[in-house]
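**Q** What shape does this take:
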Amino acid sequence: MVWNPGQELFGSRYIIERKLGEGGVGITYLAKNRRGELRVIKTLREQILNDPRWIPHQDKLRHDFRDEALRLTLCRHPHVVQVENVFDEGNLPCMAMEYIEGEDLGKLITEKGALPEAEALLYIRQIGEALILVHEKGLLHRDLKPSNIMMRAGKPEAVLIDFGLARQFISGGVLKHTENHTPGYAPPEQYAPIEQRGEYIDVYAFAATLYSLVTGQLPMPAPARLQNFTLQAPKELNGSVSDRVNEAIMKGMALNYKFRPQSVEEWLDLLGASPIPPTQPVISRSNTRPSWECVHIIPGISEKIALSFKGDILASVTGDVIHLFSSATGQLIRTLNGHSSWVYSVAISSDGQTLASGSGDKTIKLWNLQTGREIRTLNGHSSWVNSVAISSDGQTLASGSEDYTIKLWNLQTGREIRTLNGHSSWVKSVAISSDGQTLASGSGDKTIKLWEISTGKEIHSLTHFDKVLSVAFTPNGNWLAAGDDSGNIKIWRSQLIVE
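**A** A predicted model of the protein is given here:
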């Protein structure tokens with residue numbers, strides 16, 4: 001059975017848009033969730049399940065499929081594709097994953113040839129960080145190659161996908177290998193039915209991936225190399241490859257795993273792919289116009305961010321995890337874990353002490369920004385919390401939800417002050433004026449509502465072009481900007497302005 005556009009899955013939680021592609025046993029579809037967000041639905045091909053040769057292995061196929069979903073769920077990282085849901089549709093196991101708009105590196109180098117070394121190293125470092133996490137979880141990817149690395153459209157961000165061949169491992173343990181592998185990227189030991197497993201398996205494929213990125217060519221398969229055919233060094237194929245990168249690739253692709261770096265960290269050290277130290281910011285003189293210079297690039301973080309008032313801490317969201325970065329160094333300070341579903345919004349109090357997070361688990365959590373400890377959980381919404389905002393005096397927290405309501409909370413005690421009702425659809429964004437007197441809310445009902453915070457009274461309802469996704473006040477509170485789902489922005493001015 002092939003699902004057609006409009007097909008509803010998992011109790012109408014997902015609606016099929018179109019088929020994306022299919023492989024040996026799997027098939028993928030593009031779908032939308034209830035929020036209208038694009039997702040990839042992956043399932044097993046029904047033809048495989050009904051094939052007489054596969055019928056005895058149906059249970060194992062379903063078990064392995066669910067294992068892949070579990071493995072992905074464990075590996076929460078900005079450069080690993082994220083799983084949103086796992087469910088059954090009829091007799092088919094399914095997983096819903098984030099949709100990464102863009103193209104894979106395999107297609108990129110096929111169309112454009114070898115990448116500049118600096119660009120290739122940027123992607124390799126990103127995926128390397130993801131692999132370190134994968135290995136910490138006791139997993140091997142076992143199918144690293146350019147076509148399993150997606151590039152986010154318009155961003156220098158690489159994402160590792162397709163964990164279908166991933167397996168648990170204990171370093172040095174002797175285990176049975178599956179027969180699946182990709183020639184050119186699979187090391188010799190992956191061709192053996194029984195062999196030791198270790199991180200060095202992924203190191204070989206990772207080095208081979210970089211080989212392809214900087215040469216534009218497929219590496220010679222390991223069996224051919226074992227027959228005394230010589231692998232050309234990357235520098236022989238591309239004279240612009242540096243000696244250091246050339247040597248790191250060749251060491252990473254050593255036929256005998258004992259002569260390879262034994263971990264991704266060791267190989268990245270050989271490669272010199274560590275982050276570039278930040279430059280010093282530009283100091284502006286009092287009699288000149290300030291200039292701006294990019295001093296840090298923190299790849300792989302989402303658009304859900306918050307910056308502290310002093311600018312010293314940046315909060316970003318990946319799935320259900322909140323990352324805190326130092327704005328001064330660009331380095332990760334800590335991660336905050338506690339939500340049981342994706343986090344949709346974060347806000348930091350003006351004193352830099354408290355962070356609020358709103359989640360799909362219907363809760364708001366308050367965190368001590370200095371220690372990373374959870375202060376308390378606020379319960380009250382009956383659906384996803386899409387947006388949170390904190391007043392400038394640090395006394396009031398506002399939250400907008402999929403349940404059509406806005407709630408006001410006492411930030412110090414966590415007690416609910418009141419609920420604001422009036423929208424006829426989900427509330428996507430909330431903002432509080434700097435004087436703490438007015439709250440703006442943007443909704444799927446194509447309106448912006450202004451509320452008096454002290455009484456909860458609705459002051460105005462402003463009509464927009466489309467579903468309102470974001471609202472923001474100017475510091476003096478006299479201007480309001482709102483962005484909608486069609487890419488339009490409306491700017492509103494208070495009629496009380498005295499010119």
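
**Q** in the stretch 351-499 of the chain, which ranges drop under the pLDDT threshold?
**A** 495-499 (pLDDT under 70).

**Q** Then the stretch 101-250 of the chain?
**A** In the stretch 101-250 of the chain (pLDDT under 70), the answer is 164-181, 193-195.

**Q** Where do the strands of it begin and end?
**A** 102-104, 139-140, 149-152, 158-160, 167-168, 174-176, 194-196 (DSSP state E, counting those that start in this stretch).

**Q** swap in the stretch 251-400 of the chain?
**A** Applying DSSP E, counting those that start in this stretch to the stretch 251-400 of the chain gives strands spanning 305-307, 313-318, 321-326, 332-337, 343-348, 354-359, 363-368, 374-379, 385-390, 396-401.

**Q** closest to Trp3 out of those strands?
**A** strand 343-348 (27.8 Å; C-beta to C-beta). All C-beta spots, glycine's among them, are computed from the backbone N, C-alpha and C.

**Q** In its sheet, which strands sit next to the closest one, and in what direction?
**A** strand 354-359 (antiparallel) (DSSP bridges).

**Q** Including distance to Thr28 and mean neighbour count, could the strands of the stretch 251-400 of the chain go into TSV?
**A** Shown next, in TSV, are these (distance: least, C-beta to C-beta, whole Å; neighbours: other C-beta atoms under 10 Å):
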stretch	distance to Thr28	mean neighbour count
strand 305-307	30	16
strand 313-318	22	22
strand 321-326	25	20
strand 332-337	29	14
strand 343-348	25	23
strand 354-359	27	25
strand 363-368	32	21
strand 374-379	36	15
strand 385-390	28	26
strand 396-401	31	26
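
**Q** Redo the ones you listed as JSON lines? Include distance to Glu458.
**A** Formatted as JSON lines, these follow (distance: least, C-beta to C-beta, whole Å):
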{"stretch": "strand 305-307", "distance to Glu458": "27"}
{"stretch": "strand 313-318", "distance to Glu458": "30"}
{"stretch": "strand 321-326", "distance to Glu458": "32"}
{"stretch": "strand 332-337", "distance to Glu458": "34"}
{"stretch": "strand 343-348", "distance to Glu458": "22"}
{"stretch": "strand 354-359", "distance to Glu458": "22"}
{"stretch": "strand 363-368", "distance to Glu458": "22"}
{"stretch": "strand 374-379", "distance to Glu458": "23"}
{"stretch": "strand 385-390", "distance to Glu458": "17"}
{"stretch": "strand 396-401", "distance to Glu458": "14"}
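
**Q** Among these, which comes closest to Glu129?
**A** Using C-beta to C-beta, the strands of the stretch 251-400 of the chain put strand 332-337 closest to Glu129, at 9.9 Å.

**Q** List every C-alpha atom in the closest one, with coordinates, as PDB.
**A** Extracted in PDB, the C-alpha atoms of strand 332-337 (Å, rounded to 0.1, in the frame of the first residue of the first chain):
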ATOM      1  CA  LEU A 332      28.600  25.500  25.700                       C
ATOM      2  CA  ILE A 333      28.200  26.100  29.400                       C
ATOM      3  CA  ARG A 334      25.600  23.400  30.200                       C
ATOM      4  CA  THR A 335      22.400  21.800  29.000                       C
ATOM      5  CA  LEU A 336      19.000  21.800  30.800                       C
ATOM      6  CA  ASN A 337      17.000  18.600  30.700                       C
END
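
**Q** Go ahead and name everything in contact with that strand.
**A** Residues outside strand 332-337 that contact it (C-beta atoms under 8 Å, 6 or more residues apart in numbering): 313, 320-326, 355, 357, 367, 372, 374.

**Q** nearest to Val427, of the residues you listed?
**A** Checking the contacts of strand 332-337 one by one against Val427 (C-beta to C-beta), the nearest turns out to be Ser357, at 16.4 Å.

**Q** who's in contact with that closest one?
**A** Contacts of Ser357 (C-beta under 8 Å, 6+ apart): 317, 322, 336, 339, 343, 345-346, 364-365, 367, 388.

**Q** what about stretch 331-344, start to end distance?
**A** This stretch, stretch 331-344, spans 23 Å end to end (C-alpha to C-alpha, to the nearest Å).

**Q** Run the chain-centre distance for it.
**A** 12 Å (C-alpha atoms, centre = their mean, to the nearest Å).

**Q** average pLDDT for it?
**A** Mean pLDDT, stretch 331-344: 91.

**Q** Walk me through the domains of the protein.
**A** For the chain, automatic domain parsing gives the domain ranges 8-98, 102-271, 305-493.

**Q** Surely His79 and Val159 touch.
**A** Yes: the criterion here is C-beta atoms under 8 Å, and His79 meets it with Val159 at 5.5 Å.

**Q** dump the residue contacts of the closest residue in space to Val317 that isn't next to it in sequence.
**A** Of all residues not flanking Val317 in the chain, Lys304 sits nearest, at 4.0 Å (C-beta to C-beta, 6 or more residues apart in numbering). Applying C-beta under 8 Å, 6+ apart, we find Lys304 in contact with 316-317, 343-346.

**Q** quick revisit: mind checking which of the strands of the stretch 251-400 of the chain is nearest Gly252?
**A** Gly252 lies closest to strand 332-337 among the strands of the stretch 251-400 of the chain, at 25.5 Å (C-beta to C-beta).

**Q** what about the helices in this structure?
**A** 46-50, 58-74, 105-112, 117-136, 200-215, 222-226, 234-237, 243-252, 264-271 (DSSP state H).

**Q** most tightly surrounded among those helices?
**A** The highest mean neighbour count among the helices of the chain, using mean count of other C-beta atoms under 10 Å, belongs to helix 200-215: a mean of 26.

**Q** Give me the angle between that helix and helix 117-136.
**A** 170 degrees (axes from the mean of the first three to the mean of the last three C-alpha atoms, to 10 degrees).

**Q** what's the spacing between helix 200-215 and its chain's center?
**A** With C-alpha atoms, centre = their mean, you get 23 Å for helix 200-215.

**Q** same thing with stretch 121-138?
**A** Distance of stretch 121-138 from the chain centroid (C-alpha atoms, centre = their mean) equals 14 Å.

**Q** do the same with stretch 80-90
**A** Computed by C-alpha atoms, centre = their mean, the chain-centroid distance of stretch 80-90 equals 15 Å.

**Q** Could you do stretch 92-112 as well?
**A** For stretch 92-112, the separation from the chain centroid amounts to 14 Å (computed by C-alpha atoms, centre = their mean).

**Q** ok, now stretch 81-93?
**A** 19 Å.

**Q** before we move on, what about stretch 209-227?
**A** Counting by C-alpha atoms, centre = their mean, stretch 209-227 comes out at 30 Å from the chain centroid.
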